[in-house]
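Chemist: Following is a predicted model, sequence given first.
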Protein chains: 2
Amino acid sequence: MRSATGADGEQPISMTVIRRIPAYLNVVRKLREEGVEWVSSHELAKACAMTPSSVRQDLSHFGKFGLTRHGYNVMVLNQALEQILGVDNAFNLVIVGAGNLGRAIANYESFRRRGFFLRAIFDNHPEVIGQEVAGLAVRPLEQMAQVVREQRVHLGAICVPGPAAQAVAERLVAAGVAGIWNFAPTQLVVPSWVAVEDVHLSVSLLTLGYLVRERARQREEPVRPPGGTKATLRGIYGGRKGRI
Amino acid sequence: MRSATGADGEQPISMTVIRRIPAYLNVVRKLREEGVEWVSSHELAKACAMTPSSVRQDLSHFGKFGLTRHGYNVMVLNQALEQILGVDNAFNLVIVGAGNLGRAIANYESFRRRGFFLRAIFDNHPEVIGQEVAGLAVRPLEQMAQVVREQRVHLGAICVPGPAAQAVAERLVAAGVAGIWNFAPTQLVVPSWVAVEDVHLSVSLLTLGYLVRERARQREEPVRPPGGTKATLRGIYGGRKGRI
DNA sequence: TAGATTGTTAATCGATTAACAATC
DNA sequence: TAGATTGTTAATCGATTAACAATC
């Protein structure tokens, strides 16, 4: 299996592909738990709302995991996908912002199973500091640099309001994290060597609102072609992806 | 301004474009609050990590909001973007799953400001039912159909564990919601007229882990060209988008 | 006017899908 | 063997970027 940035002269792998790997991994893990031994690109595609062609091409970026006539061995593929994502690596994580979202993240148990270990939670509200969240006492922001250094923290999750996010990001970067998981509705500016992954809930919700309204419009508004015949668009748009 | 599915015979608008509108709206709202009157495609692009060209082309899908030599009037653009996203519409929302994530979503205050009104929270754990969350008593799942009908609920947020998600989705669809905001790590199967917006936190976190590990690899692994000179890749990859 | 900015068309780039030889 | 499935190449499709006439 080659690295995404392999020194072998091949192309680096696009983020589009990378973001699909966790979905494959989810499916393959479930299959392994069910005791399934083999899975074809067709089956994998169906489970992930993809085409078989895309599945095969995605996987081929990392090596040849398949066996002609059998498809992919579930155990082999499971291990390969985990290695690609570095699930064998352990990441230390801190959360900044002990509000509802920060607490929810802190208590998200499946993270630990995937190698992400919560080391501290920070907040700057005096009445919150010292409260216990997910087994950890909330600490003041001032302790961040020390904690990140001493506990070798790789990742910081930003769960503070938008206006405070950039300052928190800068503090995390100065403390030495290599990646930021950003839940604030803010476009962070960070040095190029820091990875940022955004989870913009409001973008997601507004998009959903748009979709719902557009589909309602499609169902309700009759289309009147010049000829004068009448038809509605109900049922024409069957898929969930791409254009609506 | 034309609709995304305008009966005028033009092309529908791609989801890629739609998903950028909330980001533009965020920036434009902030500018309006600051009293800024005009914004150019360059400025907007910078604030959203886009190119000016893309900004202009995105906006041109919905109409001509700009004025040559001035750029876009902030008030006009703000209103236009809100209209595109249907922020004038009010959506009624229920949450299924009163765990940490469900509670965090329930308490996300900015939703109300954007026209999303929480009407109920459901759970099926007897010890949780009746607890107060965001001013509402948690209800048993059995009441979902009635609540959705009586309160004209449009959207359901799924905040239950993966294995329960598909059943909850079917229940929401049967009750009559038009859209699902899915936080479970599951590929939901729903009828084509139901919109689904996924927020897969584990995909996001695993992707971040991958990025961090790859960048570390880039910095640490020296590249040895055939000639024998030695160089690291530090600093070559400046951007945050696209290939890593 | 000269210069700056839009809206739009054309060119480029990248991602997805289709097709098919290789293979067990 | 016949048939099914991969890995990979080629074709299509869509998204982004560049370029530029129109305009104030």
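Modeler: Cool, the structure landed. The shown structure was predicted, so the numbers you read here are calculated from the model rather than taken from an experiment.
Chemist: rest of the way, CA atoms for contacts and neighbours
Modeler: Noted.
Chemist: Would you quantify the distance from A:Asp123 to DNA strand D?
Modeler: Using C-alpha to the nearest atom of the strand, to the nearest Å, we find A:Asp123 at a distance of 36 Å from DNA strand D.
Chemist: and that residue, what is it in contact with?
Modeler: A:96-98, A:129, A:138-141 (C-alpha atoms under 8 Å, 6 or more residues apart in numbering or on different chains).
Chemist: Let's see which of those residues end up in helices.
Modeler: The members of the contacts of A:Asp123 all map outside helices under DSSP state H.
Chemist: which residues in chain A form helices?
Modeler: Under the criterion DSSP H, chain A carries helices at the ranges A:15-18, A:21-33, A:41-48, A:52-60, A:74-85, A:100-106, A:110-113, A:144-150, A:162-175, A:201-220.
Chemist: returning to that earlier point: for PyMOL, write the select line for the buried members of the contacts of A:Asp123.
Modeler: With 16 or more other C-alpha atoms under 10 Å in any protein chain shown as the criterion, this PyMOL line picks the buried residues out of the contacts of A:Asp123:
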select buried, chain A and resi 96+97+98+129+138+139+140+141
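Chemist: which one of the contacts of A:Asp123 sits closest to chain B?
Modeler: Closest approach between the contacts of A:Asp123 and chain B, by C-alpha to the nearest C-alpha: A:Ala98, at 11.0 Å.
Chemist: Verify the contact between the closest one and A:His125 for me.
Modeler: No: A:Ala98 lies out of contact with A:His125 (C-alpha atoms under 8 Å); the separation is 9.0 Å.
Chemist: give me the number of residues near whatever residue of chain A ends up closest to DNA strand C?
Modeler: Chain A approaches DNA strand C most closely through A:Ser54 (3.8 Å), counting by C-alpha to the nearest atom of the strand. By the criterion of other C-alpha atoms under 10 Å in any protein chain shown, A:Ser54 has 14 neighbours.
Chemist: any idea of the pLDDT on it?
Modeler: Looking at A:Ser54, its pLDDT is 98.
Chemist: just the one 10 residues further on next, same as before
Modeler: Predicted confidence (pLDDT) for A:Lys64: 96.
Chemist: shaky segments in chain A?
Modeler: Low-confidence segments of chain A, defined by pLDDT under 70, span residues A:1-10, A:221-244.
Chemist: Try it again at 50.
Modeler: Chain A contains residues with pLDDT under 50 at A:1-9, A:222-244.
Chemist: Where is the longest strand in it?
Modeler: The residue-count maximum for a strand in chain A (DSSP state E) belongs to strand A:116-123.
Chemist: Strand partners (parallel or antiparallel) of it?
Modeler: Next to strand A:116-123 in the sheet, as set by DSSP bridges, lie strand A:91-96 (parallel), strand A:139-140 (parallel).
Chemist: How far away from the center of its chain is the longest one?
Modeler: This points to strand A:91-96. Remark: strand A:91-96 is offset 16 Å from the chain centroid, using C-alpha atoms, centre = their mean, to the nearest Å.
Chemist: And for stretch A:41-50?
Modeler: The mean C-alpha position of stretch A:41-50 is separated from the chain mean by 19 Å, C-alpha atoms, centre = their mean.
Chemist: Repeat that for stretch A:157-171.
Modeler: Put simply, stretch A:157-171 sits 19 Å off its chain's centre (C-alpha atoms, centre = their mean).
Chemist: excluding its backbone neighbours, what's nearest A:Gly102?
Modeler: A:Cys159 (5.4 Å; C-alpha to C-alpha, 6 or more residues apart in numbering or on different chains).
Chemist: What are the phi and psi values at the one you found?
Modeler: For A:Cys159, the backbone dihedrals are phi -120, psi 40 (criterion: degrees, to the nearest 10).
Chemist: In this structure A:Val148 contacts A:Ala178, no?
Modeler: No: the criterion here is C-alpha under 8 Å, and A:Val148 misses it with A:Ala178 at 10.7 Å.
Chemist: what's the overlap in contacts for the two?
Modeler: A:His154.
Chemist: Please name the residues that touch the residue lying closest to A:Asp123 once chain neighbours are set aside.
Modeler: Distances taken as C-alpha to C-alpha, 6+ apart place A:Gly97 nearest to A:Asp123, at 5.0 Å, with adjacent residues excluded. Contacts for A:Gly97 were tallied using C-alpha under 8 Å, 6+ apart; they are A:121-124, A:158-160.
Chemist: Mind doing that once more with 7 Å?
Modeler: A:122-123, A:158-160 (C-alpha atoms under 7 Å, 6 or more residues apart in numbering or on different chains).
Chemist: Tell me the most packed of those, by neighbour count.
Modeler: Neighbour-wise, those (other C-alpha under 10 Å) top out at A:Ile158, 28 neighbours.
Chemist: hang on, that one packs against A:Val94?
Modeler: No: applying C-alpha atoms under 7 Å, one finds A:Ile158 not in contact with A:Val94, separated by 8.9 Å.
Chemist: Now do the contacts for A:Thr32.
Modeler: One thing to correct before we go on: residue A:32 is Arg, not Thr. For A:Arg32, the contact set (C-alpha under 7 Å, 6+ apart) comprises A:74-75.
Chemist: try it again with 6 Å
Modeler: With contacts defined as C-alpha atoms under 6 Å, 6 or more residues apart in numbering or on different chains, A:Arg32 has no neighbours.
Chemist: For B:Arg215, see how far away it is.
Modeler: Using C-alpha to C-alpha, to the nearest Å, we find A:Arg32 at a distance of 31 Å from B:Arg215.
Chemist: What residues does chain A have near chain B?
Modeler: Residues of chain A that fall close to chain B, judged by C-alpha under 6 Å from any C-alpha of the partner chain: A:14-15, A:22, A:85, A:100-101, A:104, A:179, A:192, A:197, A:203, A:208, A:210, A:212, A:238, A:243.
Chemist: Please name the two of those that end up farthest apart in the structure.
Modeler: The largest separation in the residues of chain A next to chain B, counting by C-alpha to C-alpha, is between A:Ser192 and A:Gly238 at 40.9 Å.
Chemist: I am assuming A:Gly66 contacts A:Met75, so please confirm or correct that.
Modeler: No: counting by C-alpha atoms under 6 Å, A:Gly66 stays clear of A:Met75, with 11.5 Å between them.
Chemist: Which one's more surrounded, these two?
Modeler: Taking other C-alpha under 10 Å, A:Gly66 and A:Met75 do not tie; A:Gly66 has more neighbours (20 against 16).
Chemist: residues touching the closest residue to that one other than its chain neighbours, list them.
Modeler: Spatially, and ignoring its direct neighbours in sequence, A:Gly66 is nearest to A:Tyr72 (4.4 Å; C-alpha to C-alpha, 6+ apart). Residues near A:Tyr72 by C-alpha under 6 Å, 6+ apart: A:38-40, A:66.
Chemist: Can you lay out those residues as CSV showing distance to B:Tyr108?
Modeler: Output for the contacts of A:Tyr72, formatted as CSV (distance: C-alpha to C-alpha, whole Å):
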residue, distance to B:Tyr108
A:Trp38, 43
A:Val39, 41
A:Ser40, 42
A:Gly66, 45
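Chemist: Check those residues one by one and keep those near DNA strand D.
Modeler: A:39-40, A:66 (C-alpha under 7 Å from any atom of the strand).
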